[in-house]
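Enquirer: could you work out the structure for the sequence below:
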Amino acid sequence: MFSGIVERVGRVEAIGRVAPDGASGRGPEAARLTIRAGFREPPAPGASVAVNGVCLTVERAQADVIHATAVPETLRKTTLGKLSPGGRVNLERALKVGDEIGGHWVSGHVDAVARIASVRRSGTDVLLSVEVPASLAPYVAVKGSLALDGVSLTVAAWEASRAVVALVPYTLEHTIASEYEEGTDVNLEVDLLARYLERLAVARGMLAPPSGLAAERGRP
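Expert: Coordinates of the predicted model:
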């Protein structure tokens with residue numbers, strides 16, 4: 001579990017392609033990521049790290065470099081499949097008991113890849129308009145939370161099928177958000193609380209079961 005507060009902006013050092021069963025050229029390929037993370041204390045093998053909002057397991061850590069594998073399902077359903085060596089990524093280590101929740105509960109299970117419809121300046125801030133898939137729109141509320149590439153953000157407005165969020169200068173400086181432009185794809189995760197409330201309402205007969213929940217489709 002994460003809180004959507006990016007600790008470091010890492011850089012992809014290398015991407016190795018490997019079939020899940022280890023046999024070259026057989027089946028869909030996974031991606032073995034080598035990321036220069038810069039954590040003050042490297043995470044232990046087996047620890048979870050959010051990479052652009054996607055929860056991955058650390059396989060090895062050497063000084064400020066971590067190694068993790070993204071399976072084919074993750075590559076298909078998130079933007080990790082578009083990473084290339086030299087690219088920057090948002091990084092956050094999993095929370096520990098007693099850690100401050102500076103943002104909101106973020107699971108690291110991406111709901112969809114969303115597209116940035118517009119980027120516009122508002123004083124020192126930047127306003128992003130993000131296209132939200134229709135199936136996820138019920139989980140997005142003004143003044144509620146969502147995560148873009150693992151960054152906890154507050155929904156400032158809802159315009160048609162788009163969520164508008166504001167990026168303050170600190171966020172622009174300490175995440176990859178400064179690289180966003182119209183047409184950029186980002187990993188979107190809606191607020192877990194909205195999903196739990198829906199489940200409770202369905203269980204009590206207050207709502208009809210929704211069709212095609214992302215959780216039932218198997219989020220990466």
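Enquirer: ok, longest helix in this structure?
Expert: helix 192-203 (DSSP state H).
Enquirer: so which helix or strand of the protein has the lowest pLDDT on average?
Expert: helix 214-217 (a mean of 42; mean pLDDT, DSSP states H and E).
Enquirer: for the residue most central in space within the chain, which non-adjacent residue is closest in space?
Expert: In the chain, the centroid-proximal residue (Cα atoms, centre = their mean) is Gly53; its distance is 2.2 Å. With sequence-adjacent residues excluded and distances taken as Cβ to Cβ, 6 or more residues apart in numbering, Gly53 is closest to Gly150, at 3.2 Å. Every C-beta, even on glycine, is put in place using the N, C-alpha and C of the backbone.
Enquirer: Val6 is in contact with the one you found, correct?
Expert: Yes. Between Gly150 and Val6 a contact is recorded at 6.4 Å, counting by Cβ atoms under 8 Å.
Enquirer: hey, what's in contact with both of those two?
Expert: Shared contacts of Gly150 and Val6, defined by Cβ atoms under 8 Å, 6 or more residues apart in numbering, are found at Asn90, Glu92.
Enquirer: between the two, which one's more packed in?
Expert: A direct count of neighbours by other Cβ atoms under 10 Å for Gly150 and Val6 places Gly150 higher, at 30 against 25.
Enquirer: list the residues that contact the more buried one.
Expert: 2, 4, 6, 50-54, 90, 92, 106, 108, 187.
Enquirer: redo the residues you listed as JSON lines? Include distance to Ser118, secondary structure and pLDDT.
Expert: Compiled in JSON lines, the contacts of Gly150 are given as follows (distance: Cβ to Cβ, whole Å; DSSP: H, G, I helix; E, B strand; the rest coil; pLDDT from 0 to 100):
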{"residue": "Phe2", "distance to Ser118": "27", "secondary structure": "strand", "pLDDT": "96"}
{"residue": "Gly4", "distance to Ser118": "22", "secondary structure": "coil", "pLDDT": "96"}
{"residue": "Val6", "distance to Ser118": "23", "secondary structure": "coil", "pLDDT": "97"}
{"residue": "Ala50", "distance to Ser118": "26", "secondary structure": "strand", "pLDDT": "98"}
{"residue": "Val51", "distance to Ser118": "26", "secondary structure": "strand", "pLDDT": "99"}
{"residue": "Asn52", "distance to Ser118": "21", "secondary structure": "coil", "pLDDT": "99"}
{"residue": "Gly53", "distance to Ser118": "21", "secondary structure": "coil", "pLDDT": "98"}
{"residue": "Val54", "distance to Ser118": "25", "secondary structure": "strand", "pLDDT": "99"}
{"residue": "Asn90", "distance to Ser118": "21", "secondary structure": "strand", "pLDDT": "99"}
{"residue": "Glu92", "distance to Ser118": "27", "secondary structure": "strand", "pLDDT": "97"}
{"residue": "Val106", "distance to Ser118": "24", "secondary structure": "strand", "pLDDT": "95"}
{"residue": "Gly108", "distance to Ser118": "27", "secondary structure": "coil", "pLDDT": "96"}
{"residue": "Asn187", "distance to Ser118": "19", "secondary structure": "strand", "pLDDT": "99"}
